[in-house]
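Trainee: Okay, predicted coordinates and the sequence, questions at the end:
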Amino acid sequence: MAKENFLTSSIGKKLVVGLTGLFLISFLVVHVGINSTILLNDNGETFNTAAHFMSHNWVIRVMEIGLLLGIIAHIFMTLKLHFENKSKRPVGYAVIDGKANSKWYSRSMTLLGTLLLIFLVIHMADFWLHTKKALYITHENENSYLEVKEAMQNPLLLVIYIAGFFSLGFHLLHGFPSAFQTLGLNHKKYTPIIKAAGTAFSIIVPGLFAAIAVALFFGLV
Amino acid sequence: MEHTTINLTLKVWRQKNASDKGSFQTYNVKGISTEMSFLEMFDVLNEQLIAEGKDEPIAFDHDCREGICGMCSMYINGRPHGPWHGTTTCQLHMRAFKDGETVVVEPWRARAFPVIRDLVVDRRAFDRIIQAGGYISVNTGNAVDANAIPINKKDADNAFAAASCIGCGACVAACKNSSAMLFVSAKVSQLALLPQGGPERQTRVLDMVAQMDKEGFGSCTNTGACEAECPKEISLENIARLNREFTAASLASEE
Ligand code: HEM
Ligand code: SF4
Ligand code: FES
């Protein structure tokens, strides 16, 4: 039989989702690590140093482009799969007992991802554009800490951020272990560890992001 | 065991043929023994329909009625094969239902499993996947000694567990993506785990997945609904194995 193109095969497409998903997870680790320095309560000194390093180091610059491509690939492939998969059941069921066999967040990855995307757009408009403008256009030496602190005084923004972190947490609760399964890593000994690590990651990372936002809002740091 | 009888309201999908639009019809069945199987309850309903002469009997697939052939595809109250875990429709007994309950019965829904009539769907897409590579090529002749090739216990057990798939299609019916990955992974695994499956290991997985995609099944998103609904409790470990086998074979392929 003529060989199927790997990247257009059902499994190949899923592999793209899994690999880009894991790549995005690695970015989250760095991001939450840097943000957490705000909690050191040193008037943003460490945070500003880290932010300055991130925006002036060329290795990070290149990785930023990789990150952008990664997120575009992730979104493109997941949405493509979403609509393809929808088309595989032209006549639906009258009754579906979803909770009997799977978790709601596992069945709602596109919804959670889309909420996440909306959050990301708002988030990028807030900070990323700002930083780039200071870096390339106005050439100001910006104080990222003060900027973040100021922005986080807006209660509406705080609510949007917390909602974004909830979407992220549930997206990861399914996505983290799911990515390993997609890569073919399912093992009696290691899978329970991966699942436990995934649950911990899905609570700790969005929890830290949220804690920082709340602490800034209430002026605790 | 206590023997009781119950009355039920059934909402059953009726469709004359593949091109008919179809609709739900409501039927009342009375005095159903809780010791009956779900299919026996349908037999009672069909006798009733024949006696009344108003409606044609309901077409549904069945063969062994002992949980081994995989024919009895019915989507009952939102779940393939109904409410019991690890059970086919023919092994589902009426004690699973309460007196006076309304039970909705639908055919498997998937583009790759078109409805032929009422609750009967065309599952030949599975046969074509098997024909694409789900076999081993051997010379016929005298049966080979079963123990001629030693196989370790773990692989033998896993291959045996995968081989218990009865091709019922509940995994596809349960999956929000209409993915056939659990079925295909079981059929790939049962041979990939054994030395006899070795020579065709790579072409098998490439050909079977290509056929699966061609038949119009969806992509797996690891919701786990298939494993939860599979009457033979086929494990998701098989899907991970399929992902590994397919990725490795694709990378190694010279085409
Ligand atoms: C920080 C951002 C994000 C991270 C860390 C992330 C992470 C992940 C991971 C690890 C997976 C599992 C991959 C697999 O099962 O193989 C996944 C799946 C998925 N993601 Fe994301 N994602 C992010 C953003 C998004 C966005 C913006 C969307 C927008 C539509 C999205 C939609 C999806 C969908 C639909 C799936 C498929 C579910 C599945 O197959 O299991 N994700 N994501
Ligand atoms: S994997 Fe399970 S649900 Fe799917 S066809 Fe085989 S026995 Fe049926
Ligand atoms: S009729 Fe054979 S498995 Fe149900």
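Mentor: Everything's here; your move. Ligands and ions are numbered 1, 2, ... in the order given.
Trainee: worst-scoring helix or strand of chain A, pLDDT-wise?
Mentor: helix A:129-132 (a mean of 74; mean pLDDT, DSSP states H and E).
Trainee: In that helix, which residues are buried?
Mentor: By neighbour count on 16 or more other Cβ atoms under 10 Å in any protein chain shown, the buried set for helix A:129-132 is A:130, A:131. (Glycine included, C-beta is placed from N, CA and C.)
Trainee: So the residue in the stretch 1-150 of chain B that ligand 1 sits nearest to: helix, strand or coil?
Mentor: The minimum distance from the stretch 1-150 of chain B to ligand 1, using Cβ to the nearest ligand atom, falls at residue B:110 (18.4 Å). Counting by DSSP: H, G, I helix; E, B strand; the rest coil, the backbone at residue B:110 sits in coil.
Trainee: Excluding covalently adjacent residues, which one is nearest to it?
Mentor: Nearest residue to residue B:110, sequence neighbours excluded (Cβ to Cβ, 6 or more residues apart in numbering or on different chains): residue B:178, at 4.0 Å.
Trainee: so is the one you found in a helix, a strand, or just coil?
Mentor: Residue B:178 - assigned by three-state DSSP - is coil.
Trainee: Just give me the neighbour total for it.
Mentor: By the measure other Cβ atoms under 10 Å in any protein chain shown, the count of residues near residue B:178 is 25.
Trainee: next one: stretch A:42-60 to chain centre, how far?
Mentor: A distance of 21 Å separates the centroid of the chain from that of stretch A:42-60, by Cα atoms, centre = their mean, to the nearest Å.
Trainee: ok, residues contacting that stretch?
Mentor: A:34-35, A:37-38, A:40, A:131, A:135, A:143-146, A:148-149 (Cβ atoms under 8 Å, 6 or more residues apart in numbering or on different chains).
Trainee: If you rank these by neighbours, which is first?
Mentor: residue A:38 (24 neighbours).
Trainee: all helices for the stretch 51-200 of chain B, in order.
Mentor: Shown for the stretch 51-200 of chain B, the helices assigned by DSSP state H, counting those that start in this stretch span residues B:124-133, B:153-163, B:170-174, B:181-192.
Trainee: Let me know which of those is tucked in deepest.
Mentor: With neighbours defined as mean count of other Cβ atoms under 10 Å in any protein chain shown, the helices of the stretch 51-200 of chain B peak in mean count at helix B:170-174, which reaches a mean of 29.
Trainee: ok, and does it reach over to ligand 3?
Mentor: No: under the criterion of Cβ under 6 Å from any ligand atom, ligand 3 is not reached by helix B:170-174; the shortest gap measures 10.3 Å.
Trainee: Centre of the chain to that helix, how far?
Mentor: On Cα atoms, centre = their mean, the centre of helix B:170-174 falls 7 Å from that of its chain.
Trainee: Please apply the same query to stretch A:167-177.
Mentor: With Cα atoms, centre = their mean, you get 9 Å for stretch A:167-177.
Trainee: Repeat that for stretch B:154-164.
Mentor: Using Cα atoms, centre = their mean, the offset of stretch B:154-164 from its chain centre is 18 Å.
Trainee: and what of stretch A:201-218?
Mentor: So, by Cα atoms, centre = their mean, the centroid of stretch A:201-218 is 14 Å from its chain's centroid.
Trainee: can you pull the buried residues of it?
Mentor: A:201-202, A:205-206, A:208-213, A:215-217.
Trainee: How about residues contacting it?
Mentor: Here stretch A:201-218 has contacts from A:25, A:28-29, A:32, A:35-36, A:38-39, A:148-149, A:152-153, A:155, A:158, A:161-162, A:165-166, A:168-170, A:172-173, A:176, A:220-221, using Cβ under 8 Å, 6+ apart.
Trainee: Return the residues in contact with the residue nearest the centre of chain B.
Mentor: Among the residues of chain B, the one closest to the centroid is residue B:168, at 1.8 Å (Cα atoms, centre = their mean). For residue B:168, the contact set (Cβ under 8 Å, 6+ apart) comprises B:70, B:71, B:72, B:73, B:81, B:88, B:231.
Trainee: same thing but at 6 Å, please
Mentor: For residue B:168, the contact set (Cβ atoms under 6 Å, 6 or more residues apart in numbering or on different chains) comprises residue B:70.
Trainee: Quick check: the gap between it and residue B:38.
Mentor: 14 Å (Cβ to Cβ, to the nearest Å).
Trainee: how near is the residue nearest to the centre of chain B to residue B:61?
Mentor: Here the criterion is Cβ to Cβ. By it, residue B:168 lies 10 Å from residue B:61.
Trainee: what's the answer for residue A:124, then?
Mentor: For residue A:124 relative to residue B:61 (Cβ to Cβ), the value is 54 Å.
Trainee: Tell me which of those two has more neighbours.
Mentor: residue B:61 (22 against 13).
Trainee: Tell me, how many residues neighbour whichever residue of chain A sits closest to ligand 3?
Mentor: Among the residues of chain A, residue A:101 lies closest to ligand 3, at 19.2 Å counting by Cβ to the nearest ligand atom. By the criterion of other Cβ under 10 Å, residue A:101 has 23 neighbours.
Trainee: Same question for the one 3 residues further on.
Mentor: Here the number of neighbours of residue A:104 (other Cβ under 10 Å) works out to 12.
Trainee: quick one: pLDDT of the residue nearest to it when sequence neighbours are not counted?
Mentor: Spatial nearest neighbour of residue A:104, chain neighbours left out: residue A:98 (7.0 Å); criterion: Cβ to Cβ, 6+ apart. Here the pLDDT value assigned to residue A:98 is 97.
Trainee: What about chain B: which of the contacts of stretch A:42-60 touch it?
Mentor: Among these, not one lies near chain B by Cβ under 6 Å from any Cβ of the partner chain.
Trainee: tell me the two of those residues that are most distant?
Mentor: A:40 and A:135 (24.3 Å; Cβ to Cβ).
Trainee: Contact residues of chain A facing ligand 3?
Mentor: So chain A never meets ligand 3 (Cβ under 6 Å from any ligand atom).
Trainee: Can you find the residue of chain A that comes nearest to ligand 2?
Mentor: Counting by Cβ to the nearest ligand atom, chain A gets nearest to ligand 2 through residue A:101 (11.3 Å).
Trainee: For that residue, which non-adjacent residue is closest in space?
Mentor: residue B:228 (3.7 Å).
Trainee: sec struct for that neighbour, please.
Mentor: Residue B:228 ends up helix, using three-state DSSP.
Trainee: wait, doesn't residue B:194 sit right on residue B:158?
Mentor: No: using Cβ atoms under 6 Å, residue B:194 is not in contact with residue B:158, being 9.7 Å away.
Trainee: Measure how buried residue A:133 is and give me the count.
Mentor: 13.
Trainee: Just the pLDDT at it, thanks.
Mentor: At residue A:133, pLDDT is 70.
Trainee: and the stretch 101-250 of chain B, which residues reach chain A?
Mentor: B:104, B:106, B:109-111, B:174, B:176-178, B:207, B:210, B:213, B:218-219, B:222-225, B:228-229, B:237, B:240, B:243-244, B:246, B:250.
Trainee: Just give the number of residues close to residue B:175.
Mentor: Around residue B:175 there are 29 residues (other Cβ under 10 Å).
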